[in-house]
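# the following block contains a protein sequence and its predicted model.
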Amino acid sequence: MRSVDRFSADTEETAQRLRAGMAGGVLSFPLTSFRDDGALDLESYRAYLTAQVATAPGAVFPACGTGEFGALDEDEYREVVRVSVEVAGGRLPVVAGVGYGYAQALRFARIAEEAGADALLVLPHYLVAAPQDGLVEQLRRIASGTRLPLIAYQRGPVSFTAEGVRRIAEIPTVIGLKDGHSDLDRLQRLTLAAPDGFLFFNGAATAEIQARAYATVGVPAYSSAVHAFAPEIADAFFTALRDGDDARTKALLRDFYVPLVELRDRVPGYAVSLVKAAARLRGLPVGPVRAPLTDPGPADLAALEKVLDAGLDLVGAPRLRTV
């Protein structure tokens, strides 16, 4: 098992900042702003992200799943990460998404490093399932080409065993794992196999739904897509869960999160499309999604308005937000 003395000083500092941020708030996965014609809108993104950072999330993860990483070209990615670093201004860690096969992931990793990111979230590779040897080697190859710390994301075709986690934890710059499978028996085994200080967080879609269950296996930290459009709701839920306010936690789950998930499950891709639509309903300058995602139609948009209004009413927040 690895001890922290195998980290470089910079890697350990980043891990400590992330650990502190994960303990103190939700993790922000911001949307990427596009114009109606589909072009990247950096000024709107800057305004939107400034409002996100002002709510003091634990860290900001630009150009990841919610930020439509797969729809960005390399030049757009560079600008999104650069603006994210500028807006964060060193106040909180910036963890940029990278992905595809290791060769392309390395290209994005180098761009993110040049743009000033603090760490990288390694999104699931493209299409094919892979054995543990391949998953470990993928991370080794990415780690060999960047000084930035890495967080692995297991979801879709990526699923680590306990032995796989032991092996990736021996890579000196791999500092954690984001879990999107929600197999708590398996996740418990992974947390027990990992060395002390290895970071774990809940990366399930609409993670608040399973936050209480994840906490029972020692993984209380989570990412929040809801924070991308309603940080007031996300922060209220985080506080209620942290403080053991069971009545408020259940009310938010029952009257907001569960209806949101039921709506999300109607159409593939709504885990991002509904988030962006909800942000637009609040007046946030994020624009439409890019293909292959689609924006919700009138009926689903009307249903989303009702769910959003119910959640905002629960926490006493106004419908419109200014940026």
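Ah, there it is.

# next, the buried residues of stretch 265-284.
By 16 or more other Cβ atoms under 10 Å, the buried positions in stretch 265-284 come out as 270-282, 284. Using the backbone N, CA and C atoms, a C-beta is placed for each residue, glycine as well.

# can you tell me the closest non-neighbouring residue to residue 51?
Spatial nearest neighbour of residue 51, chain neighbours left out: residue 323 (4.3 Å); criterion: Cβ to Cβ, 6 or more residues apart in numbering.

# cool, and residue 24?
Take residue 24 and drop its neighbours on the chain: the residue closest to it by Cβ to Cβ, 6+ apart is residue 58, 5.8 Å away.

# quick check, pLDDT for residue 7.
Note on residue 7: pLDDT of 66.

# low-scoring stretches of the stretch 1-150 of the chain, by residue?
Scanning the stretch 1-150 of the chain with the threshold set as pLDDT under 70 gives 1-7.

# show me where it has strands.
27-28, 95-98, 119-122, 150-154 (DSSP state E, counting those that start in this stretch).

# tell me how far the first one lies from the chain's centre.
For strand 27-28, the gap between its own C-alpha mean and the chain's C-alpha mean amounts to 6 Å (Cα atoms, centre = their mean, to the nearest Å).

# what's that strand packed up against?
In terms of contacts (3 or more Cβ pairs under 8 Å, 6 or more residues apart in numbering; DSSP states H and E), strand 27-28 is packed against strand 223-224.

# try it again with 6 Å
Strand 27-28 makes packing contacts with no helix or strand when contacts are defined by 3 or more Cβ pairs under 6 Å, 6 or more residues apart in numbering; DSSP states H and E.

# report pLDDT for residue 323.
At residue 323, pLDDT is 74.

# can you report how many residues neighbour it?
Neighbours of residue 323 under the rule other Cβ atoms under 10 Å: 16.

# wait, it sits on residue 45?
No - the criterion here is Cβ atoms under 6 Å, and residue 323 misses it with residue 45 at 10.5 Å.

# the helices in the protein, which residues?
9-24, 42-54, 74-88, 102-115, 132-144, 162-168, 184-193, 211-216, 231-243, 246-252, 258-264, 270-281, 298-315 (DSSP state H).

# and the fifth one, which residues are buried?
Of the residues in helix 132-144, those with enough neighbours to count as buried (16+ other Cβ under 10 Å) are 135, 136, 138, 139, 140, 142, 143.

# next one: the fourth one
Of the residues in helix 102-115, those buried under the neighbour-count criterion (16+ other Cβ under 10 Å) are 102, 105, 106, 108, 109, 111, 112, 113, 115.

# what sits against the fifth one?
This points to residue 109. Neighbour list for residue 109: 98, 120, 146 [criterion: Cβ atoms under 6 Å, 6 or more residues apart in numbering].

# tell me which of the helices of the chain sits most buried.
The highest average neighbour count among the helices of the chain, using mean count of other Cβ atoms under 10 Å, belongs to helix 270-281 at a mean of 22.

# could you name the helices and strands sitting against it?
helix 258-264, helix 298-315.
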